[in-house]
Each structure stands twice: as structure tokens, then as C-alpha cells.
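A.B. asks: my questions concern the predicted model and sequence given below.
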Amino acid sequence: MERIAPPDETAVTTRTDAPVSGVPGLLDGVPRQRGPREGVRESVPVREPRLRVPPPWRLLPTPTGTPFTFGYAVVLCVTSLISAYADPALVHALLQASSTDVAHLVRTPGLVLVGSALWVAGGMASPFTIGFVLVLTALERRIGGLRTAGVFLLGHVLATLATEVPVGLAVLAGHLPDSSLHRLDYGVSFGVAAGTGALAGLLSPWLRVPLLAVFGGMLLQDLLAFTDPMTNWGHPIALAIGVATWPVLRRWRAKRAATSRTSAS
């Protein structure tokens, strides 16, 4: 008799009427399911961007987070105490030696440009003192201490020259008396104005516009009062200098953020 070979147990039989449970990706016992379609992604709800409000202590300088602003603020506190409690004759001599008037700029430009930035006109009660702390802290957290110092120094130096050089030329032309060459001029206000203009370019538009509007309005009020023409014109010039740094600062911030992400990974 012919022997019929038993069926191969290892053979796999393909059936077209496989039950639903044999299809991957479906659940047993749930009727009318649709399998996942290739190339179709599930829609993900888009979250609205939320306002990131920094904690209050990040608005103030710290030795580790913002060493430039912190150290500079300590120096300004010391000089403000000296101007408030030291002998008036000594204070006047120190301020005169630090003044960026035309006579000092001609003789010792580097010394007076640095020395004049160690004092706050009006002392600690000046609005520029608060502006110094808040603006430079925020700017340093975004671009670093060295670059913040560069922005501050750029505004301080260029705005000083922009206001003092015309005085020297006017004296030479005979339009101003010789006493204008020794006019007392010192303080951090030009640097703060430049820092404010620079910081505005790193903020979102709805923060940038109010900042420039409030600060610009204050400068415009000073111009209308015209109590100190040279200084009053120097502040808008310094603000414009800070605004002019926006392209460079944005590249710096992007590079700093990329470096931080690389080091974190």
C-alpha cells in the first residue's frame, strides 16, 4: 500500500479569513476597529505660549550669576557713600578729577572716561541707580558679563564724546565761553541708557515697546525741560547706540544659548 506522508508540522498555512485578533494593532472583542494607517500622524493639540515671568530674585545681581553687575554695583555703593558723607571739598575734588569735560578729555581721556563712570549723579536716590541694577542684570543674564561691559562702555564713551566734542568746537568758534571747557560731567547714565536700548532688542515685542516708550518718554520730558542740554541730548544718543547693537547682541545670545545646550548635553 501507498503510504501517505503526514503533514509537515512546521509548515505555516496562510489563511485569508484570519480572525480579527490575528491582525496586529487591534483589540479583541471591539467591533469595527480601524487599523493604523501608514503615513498618518495623530494630531497633537498646540499649546499656547505662556509668559515666562522670572522670579523676583533673578531681577537683582548676584556674585555668581551676574558678577559684572554685582561688582560694579558694590563700587557705586561705595562712591555714593563717599559723596554723601565725606568732606564736601574732598568730594568736589574727586568729582572734578573724574569729570569728562573737554579740558580733561584732551589731557587724560582714558582716566576720566573710566573715573567718571564710578559715580552716580544724584546718588543712590537717582532713577538711574535703579535702572543700572535692573537693566544691567537682565542684560548680563542674556549675553554675559564681558559683553554687557562692552555695551555699557560703548554707550558711555560715544555719548560722552558726542556731547563734549561740540562744546570744544563751540568754544574754539567763540560761541561759548572758556568756562564751558571745565564743566562738571560724570555718572553712569549714558551707560544705563545704552544698556536699556540694547536690552530692548532681546525682549519680546510686547515687552520691548513699553520699555522703550517709558524710557523714551522720560528722556523726552528731560529734553523739554532743557535744564541740562548736553546731558539731556546725550541720553537719547546713548539709547540709539544701544538700539544699534541689536543685530550683534542677537547673534551673541543665539551663540550663548547654543553653547549652553551643547555643554548640557
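C.D. replies: Received it, and whenever you're ready, just let me know what you need.
A.B. asks: can you read off the pLDDT for Pro19?
C.D. replies: Model confidence at Pro19, given as pLDDT, is 52.
A.B. asks: pLDDT weak spots in the stretch 1-150 of the chain?
C.D. replies: Confidence mapping of the stretch 1-150 of the chain against pLDDT under 70 gives the ranges 1-57.
A.B. asks: residue boundaries of the helices in it?
C.D. replies: Ranges of helices in the stretch 1-150 of the chain, per DSSP state H, counting those that start in this stretch, are 67-85, 88-98, 102-107, 109-115, 127-143, 145-172.
A.B. asks: how about the second one: buried residues?
C.D. replies: Neighbour-count burial for helix 88-98 flags 91, 94-95, 98 (criterion: 16 or more other CB atoms under 10 Å). For glycine as for every other residue, the C-beta is placed from the backbone atoms N, C-alpha and C.
A.B. asks: Thr262: which of the residues you listed is nearest?
C.D. replies: Set against Thr262, the nearest of the buried residues of helix 88-98 by CB to CB is Ser98 (43.0 Å).
A.B. asks: OK, contacts around the closest one?
C.D. replies: Neighbouring residues of Ser98 by CB atoms under 8 Å, 6 or more residues apart in numbering: 112, 115-116, 118-119, 186.
A.B. asks: out of those residues, which end up buried?
C.D. replies: Among the contacts of Ser98, those scoring as buried are 112, 115-116, 118-119, 186 (criterion: 16+ other CB under 10 Å).
A.B. asks: put together a markdown table for the buried residues of helix 88-98, with distance to Leu220 on each row.
C.D. replies: Converted to a markdown table, the buried residues of helix 88-98 look like this (distance: CB to CB, whole Å):
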| residue | distance to Leu220 |
| --- | --- |
| Val91 | 32 |
| Leu94 | 32 |
| Leu95 | 28 |
| Ser98 | 29 |
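A.B. asks: tell me which of those residues is nearest to Pro127?
C.D. replies: Leu95 (19.7 Å).
A.B. asks: once you drop chain neighbours, what's closest to the closest one?
C.D. replies: Tyr186 (5.8 Å; CB to CB, 6 or more residues apart in numbering).
A.B. asks: so who does that neighbour touch?
C.D. replies: 95, 98-100, 115-117, 119, 121.
A.B. asks: name the SS class of it, please.
C.D. replies: Assigned by DSSP: H, G, I helix; E, B strand; the rest coil, the conformation of Tyr186 is coil.
A.B. asks: quick revisit: okay, the contacts of Tyr186 in JSON lines with distance to Gly150 next?
C.D. replies: Below are the contacts of Tyr186 laid out as JSON lines (distance: CB to CB, whole Å):
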{"residue": "Leu95", "distance to Gly150": "26"}
{"residue": "Ser98", "distance to Gly150": "21"}
{"residue": "Ser99", "distance to Gly150": "24"}
{"residue": "Thr100", "distance to Gly150": "19"}
{"residue": "Gly115", "distance to Gly150": "19"}
{"residue": "Ser116", "distance to Gly150": "18"}
{"residue": "Ala117", "distance to Gly150": "13"}
{"residue": "Trp119", "distance to Gly150": "21"}
{"residue": "Ala121", "distance to Gly150": "23"}
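A.B. asks: out of the residues you listed, what pair is the most spread apart?
C.D. replies: Greatest spatial distance among the contacts of Tyr186 (CB to CB): Gly115 and Ala121, at 13.6 Å.
A.B. asks: just to revisit the earlier point, what would the contacts of Ser98 look like in JSON lines with distance to Pro177?
C.D. replies: Converted to JSON lines, these look like this (distance: CB to CB, whole Å):
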{"residue": "Val112", "distance to Pro177": "21"}
{"residue": "Gly115", "distance to Pro177": "25"}
{"residue": "Ser116", "distance to Pro177": "22"}
{"residue": "Leu118", "distance to Pro177": "29"}
{"residue": "Trp119", "distance to Pro177": "25"}
{"residue": "Tyr186", "distance to Pro177": "21"}
